[in-house]
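Asks: give me a 3D structure for the following:
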Amino acid sequence: MAEKKTNNKKIKHSFLQLSFNNGAETLIFPVLPEEIQVKKKGKGQAYDIVGLGEVNVIKSRELAEVSFESFFPADKNAPYLSVPITQFNDPETCVKKINGWQESIYPCRLLVQTENLKFTIAVSIESFERREVAGHGGDIYFSLVLKEYKFYSTRRLITETKNGKTTVMQEPAKRPDERVPPDTYVLKKNDNLWKVAQLQLGDGSRWKELMKLNNITEAQAKRLPVGMKIKLPPKRK
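Replies: The predicted model follows:
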């Protein structure tokens with residue numbers, strides 16, 4: 001666990017940041033951990049083949065795991081801080097942020113920049129343990145385990161005919177969207193449930209879900225008032 005000593009080597013421009021909702025919410029860890037552990041395990045499968053013996057088939061590696069320990073200090077003027085005072089958060093605020101992100105169903109993004117490490121990955125919060133130590137003035141010590149998150153979505157097959165030759169291919173992968181989708185929508189002029197479902201959920205056929213979720217009758221659906229706030233169901237992956 002990191003100690004409140006100057007042995008926590010402070011490197012110029014080094015920082016450790018966790019963000020949420022495409023950077024709308026951020027937390028820069030005020031004290032750099034003594035070490036950051038990054039695990040990347042391969043994933044091979046061994047088979048016995050007659051006349052050849054055992055062979056190893058290499059598969060895609062397992063998701064990376066990042067873990068570290070440090071503490072959230074109560075003293076914003078402590079000399080060992082690695083964060084500007086303008087970006088300092090008290091221990092309670094830091095804990096609330098991480099708890100809220102962990103309880104959501106959306107990933108965070110980790111940004112690491114130290115003397116020996118520099119990378120950024122999308123992650124899920126797998127474990128967040130914390131404790132308060134007597135005599136440490138309200139500091140909260142913690143350990144954090146993060147797991148690499150890979151964005152995924154269904155990809156349609158595209159058929160293309162050129163010079164009499166037909167080719168079938170997958171549509172290009174979409175750029176990952178790290179924004180947390182809204183859970184409500186305010187109706188605008190000329191809106192209808194199909195249009196809202198198409199724009200907000202990416203599937204107009206889900207308009208009946210909106211009706212059911214908001215207790216809207218078929219008669220009401222034909223004349224929805226401008227300014228009405230309706231609830232949105234989660235987007236499908």
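
Asks: and stretch 118-138, what's buried?
Replies: 121, 122, 123, 124, 125, 130 (16 or more other CB atoms under 10 Å). In this view, the C-beta of every residue, glycine as well, is placed from N, C-alpha and C.

Asks: so how far is residue 140 from the third one?
Replies: This means residue 123. According to CB to CB, to the nearest Å, residue 123 and residue 140 sit 21 Å apart.

Asks: what do you get for the second one?
Replies: Residue 122 sits 26 Å away from residue 140 when distances are taken as CB to CB.

Asks: next one: the fourth one
Replies: Relative to residue 140, residue 124 is positioned 22 Å away (CB to CB).

Asks: for residue 40, grab the count of nearby residues.
Replies: Using other CB atoms under 10 Å, residue 40 has 11 neighbouring residues.

Asks: from memory it sits against residue 66, does it?
Replies: No. The criterion here is CB atoms under 8 Å, and residue 40 misses it with residue 66 at 9.9 Å.

Asks: residue 206 - how many residues pack around it?
Replies: Around residue 206 there are 21 residues (other CB under 10 Å).

Asks: swap that for residue 187, sorry
Replies: Neighbour count for residue 187, taken as other CB under 10 Å: 17.

Asks: got the contact list for it?
Replies: Counting by CB atoms under 8 Å, 6 or more residues apart in numbering, residue 187 touches 196, 224, 225, 226, 227, 228, 229, 230.

Asks: so how far is residue 179 from it?
Replies: Taking CB to CB, one finds residue 187 at 21 Å from residue 179.

Asks: list the strands paired with the top strand by length along the chain, with their directions.
Replies: Taking DSSP state E as the criterion, the chain has its longest strand at strand 118-132. The strands beside strand 118-132 in its sheet (DSSP bridges) come out as strand 108-113 (antiparallel), strand 140-148 (antiparallel).

Asks: quick one: closest of these to residue 31.
Replies: Nearest to residue 31, of all the strands paired with strand 118-132, is strand 140-148, at 10.0 Å by CB to CB.

Asks: now find how far off-centre the closest one is within its chain.
Replies: Remark: strand 140-148 is offset 14 Å from the chain centroid, using CA atoms, centre = their mean, to the nearest Å.
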